[in-house]
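>>> Fold the following and give me the result.
(chains A and B)
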Amino acid sequence: MRMSELFAHTLREPPGDEEAPSARLLAQGAFVRKLMSGVFTMLPLGLRVLRKVEGIVREEMDAKGAQEVRMPAILPSEPWKISGRWQAYAAENLMFVLHDRHDRELGLGPTHEEVVTPLVDADVSSYRDLPLNLYHIQWKYRDEARPRSGLIRAREFLMKDAYTFDRDLDGLRVSYGKMVDAYRRIFTRCGLDFRVVEADPGLIGGDVNHEFMAPAEVGEDLFVHCTSCDYAANVEAAEAHWPKAPAQEEPKPMEVVPTPGRATIEAVADLLQVPEHRVLKCLVYKVKDELVAVLLPGDREVSENKLARLFAPEEVGMLTDADFEKAGLAKGYIGPQGLEGVTVIADHSIRTGANWVAGANEPDAHVTGVNLDRDFAVDRWEDLSGVKEGDVCPRCHEGTLMLGRSIEVGHTFQLGTRYSDPLEATFVDEDGSERPFLMGCYGIGVSRIISAVVEQHLDEKGIAWPRAIAPYDVVLIPTNMDDEQVVAVAERLYGELTEAGIEVVIDDRDERAGVKFTDAELIGYPVAVVVGKRGIEAGALEVRFRATGDQREVPLNDAAAALPGLVAEAP
RNA sequence: CGGGACGUGGCGCAGCUUGGUAGCGCGCAGCGUUCGGGACGCUGAGGUCGCGGGUUCAAAUCCCGCCGUCCCGACCA
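Below is the predicted model of the structure:
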């Protein structure tokens, strides 16, 4: 490609309307242009990167026996109403809803379970056709509440989604394992540093699921990882650790102490001179018309996510002041002793405590010496505690958890029968019985990968693409277009490299060398080959590696033969 | 949806407090010089100051409403 003809007008300064480093560089380097919030045009350079990522995804999916299809972006609403997600997405206002000429309600696809499930149900009737793995790479549409950071959270984005169909759970696990393996290969090939973490299933549903997280400052997701084992989880889903073998204390008698105006854990701990973890946190929520009390040590926060999941699809709400009054609860002074008509759910971490300080269930008073079983009962034990940095690892119990920010580039789910049940997608098994498919679904944010890679591969000069997804392998820079010899050498090399199958751009613009160098570094070609008068006189070319900054001299007469090998060495 | 910032030639910005001639840099067009790290000189084109209303003799500037973009939060395969 000739730079003089390429539709790639780099910007002297970063755009004023982007904050995220990757969004600024992708605009400045002429990879994308924003049309509106969360919607982007891919320019020639950006499209080449996107196609490279797509190619890697396609190769690795095909290698695992997945078959590519292409499902439409426009969807009928009916299957979504049956699965319940039309309502769910509508509630979040996430679906772009359309109406056709017959006033039929349609949607722009935010994901495709409701398309693929009926598709497979219609075409697959027998266990003999299983397992089956279908995928497609399609633009997805979600009217996000807050598009963010360029391609990282866009309203139109390219996604690879795969769907597996199996006879039984063992089969699903095998299919799932293959996809996780493919994902590891894909992200590795794209040059991403990533972690596989346990995650929250969100609106998709299902049980076992993993997120593929690329650590980056601008990432939207918080995840924890262990300092000594390979445990990693999204903070929304991370398990909390609690000591299994408690040190028991002799129970003391309960004693009411006045604590006027001390309605917070901190204030009570301070007044009574006890550590916060000895104060029993008792929070009351409402689920439909029922009241639910949640117990935790005073130094822990409730994970609203974990709590919500316990009662889903019912909503978990906070109490209003009127609710407190109606239930006769003293806000800020609630204890689990003698609570009536309230379901008490305790976090595992309070199992081992004794002689708690708890609210007295009357204003301005607390009780000391409160003990499990003797003074209060627990209806359910659950993991409800939020995880924080420095917590003991729930797996190895040795390391501590570190907090990090990351971009979710992939998400895999073992759905089971979440969609095949309501959509009645079944096959006939070997014994003649009709069974629902066991499904898995697997998503990769193809366009999002571009941003994630840039976030991990940038410096003060611009982008440094990993060669696997770089828009071109090499930029050839003739330093002076007026020098016939320089131009002749560069043109000859351009022909030879192209012939050798190298993807090369020749910067044949009538610009000064400095402009060409700066653009080359901004755009981030892995290799730059400088053809200049100086070099020609010395019989050598200059080869620069963007990622490492290394420079090498290559003999001019041997350049065409040597360069392909050098390019292959670029990271 | 709540909070904040911003909106002025293609791009990046100043001007607004204190109302009165729309400005700077880059880019773009022409001519000349220059040519290995974003050159220089001269000439030139290009702006409903986001939109609508109001105040005023007069509004980019003050007031009200709306729209758009970004950031924080809520939310989010």
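>>> Quick one: mean pLDDT for stretch A:504-513?
The average pLDDT for stretch A:504-513 rounds to 96.
>>> The closest residue to residue A:371 other than its chain neighbours: what secondary structure?
Spatial nearest neighbour of residue A:371, chain neighbours left out: residue A:251 (4.5 Å); criterion: C-beta to C-beta, 6 or more residues apart in numbering. Heads up, the C-betas are built off the backbone N, CA and C, glycines and all. Taking DSSP: H, G, I helix; E, B strand; the rest coil as the rule, one finds residue A:251 in the coil state.
>>> I'd like to know how many residues surround residue A:251.
Burial of residue A:251 is recorded as 15 neighbouring residues (other C-beta atoms under 10 Å).
>>> What residues are bridge-paired with the most centrally placed residue in chain A?
The centroid of chain A falls nearest to residue A:408 when counting by C-alpha atoms, centre = their mean (1.5 Å). Beta-bridge partners for residue A:408, by DSSP bridges, are residue A:213.
>>> ok, it touching residue A:210?
No. Counting by C-beta atoms under 8 Å, residue A:408 stays clear of residue A:210, with 10.6 Å between them.
>>> what helix or strand is residue A:284 on?
Assigning secondary structure by DSSP states H and E places residue A:284 in strand A:280-287.
>>> Partner strands of that strand and their direction?
Here strand A:280-287 is paired, per DSSP bridges, with strand A:290-297 (antiparallel), strand A:316-318 (antiparallel).
>>> then it to CSV, C-alphas only?
The C-alpha coordinates for strand A:280-287 follow below in CSV (Å, rounded to 0.1, in the frame of the first residue of the first chain):
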residue,chain,number,x,y,z
LEU,A,280,-22.2,-7.9,64.4
LYS,A,281,-23.5,-6.1,61.3
CYS,A,282,-27.2,-6.8,60.8
LEU,A,283,-28.7,-5.3,57.7
VAL,A,284,-32.4,-5.7,56.8
TYR,A,285,-33.6,-5.9,53.2
LYS,A,286,-37.0,-6.6,51.7
VAL,A,287,-37.6,-9.2,49.1
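>>> residues in contact with the residue in the stretch 451-571 of chain A that RNA strand B sits nearest to?
Scanning the stretch 451-571 of chain A for the residue nearest RNA strand B gives residue A:532, at 1.9 Å (criterion: C-beta to the nearest atom of the strand). By C-beta atoms under 8 Å, 6 or more residues apart in numbering, the residues touching residue A:532 are A:478-480, A:486, A:513, A:542.
>>> now with 7 Å?
Residues in contact with residue A:532 (C-beta atoms under 7 Å, 6 or more residues apart in numbering) are A:479, A:486.
>>> Same question for residue A:520.
A:475, A:477, A:528.
>>> Which of the three states applies to it?
Quick answer, by three-state DSSP: residue A:520 is helix.
>>> if we can go back for a sec, between the contacts of residue A:520, which sits nearest residue A:61?
Comparing these against residue A:61 with C-beta to C-beta picks out residue A:475 as the nearest, at 31.1 Å.
>>> State the pLDDT value of the closest one.
Confidence score, pLDDT, at residue A:475: 97.
>>> do the same with the one 3 residues further on
At residue A:478, the predicted lDDT confidence score is 96.
>>> what sits against the closest residue to it other than its chain neighbours?
Using C-beta to C-beta, 6+ apart and skipping the chain neighbours, the partner closest in space to residue A:478 is residue A:490 (3.8 Å). Taking C-beta under 7 Å, 6+ apart as the criterion, residue A:490 is in contact with A:476, A:478, A:506, A:531.
>>> Which residues are in contact with residue A:342?
Contact analysis of residue A:342 by C-beta under 7 Å, 6+ apart lists A:284, A:291-293.
>>> Check the gap between residue A:335 and residue A:366 for me.
For residue A:335, the distance to residue A:366 equals 8 Å [C-beta to C-beta, to the nearest Å].
>>> scratch that, residue A:389 is what I was asking about
Separation of residue A:389 from residue A:366 (C-beta to C-beta): 30 Å.
>>> More neighbours: which of those two?
More crowded of residue A:389 and residue A:366, by other C-beta under 10 Å: residue A:366, with 26 against 12.
>>> Neighbouring strands - and their directions - for the host helix or strand of that one?
Secondary structure assigned from DSSP H and E places residue A:366 in strand A:365-370. Applying DSSP bridges to the sheet, strand A:365-370 is found paired with strand A:255-258 (antiparallel), strand A:356-359 (antiparallel).
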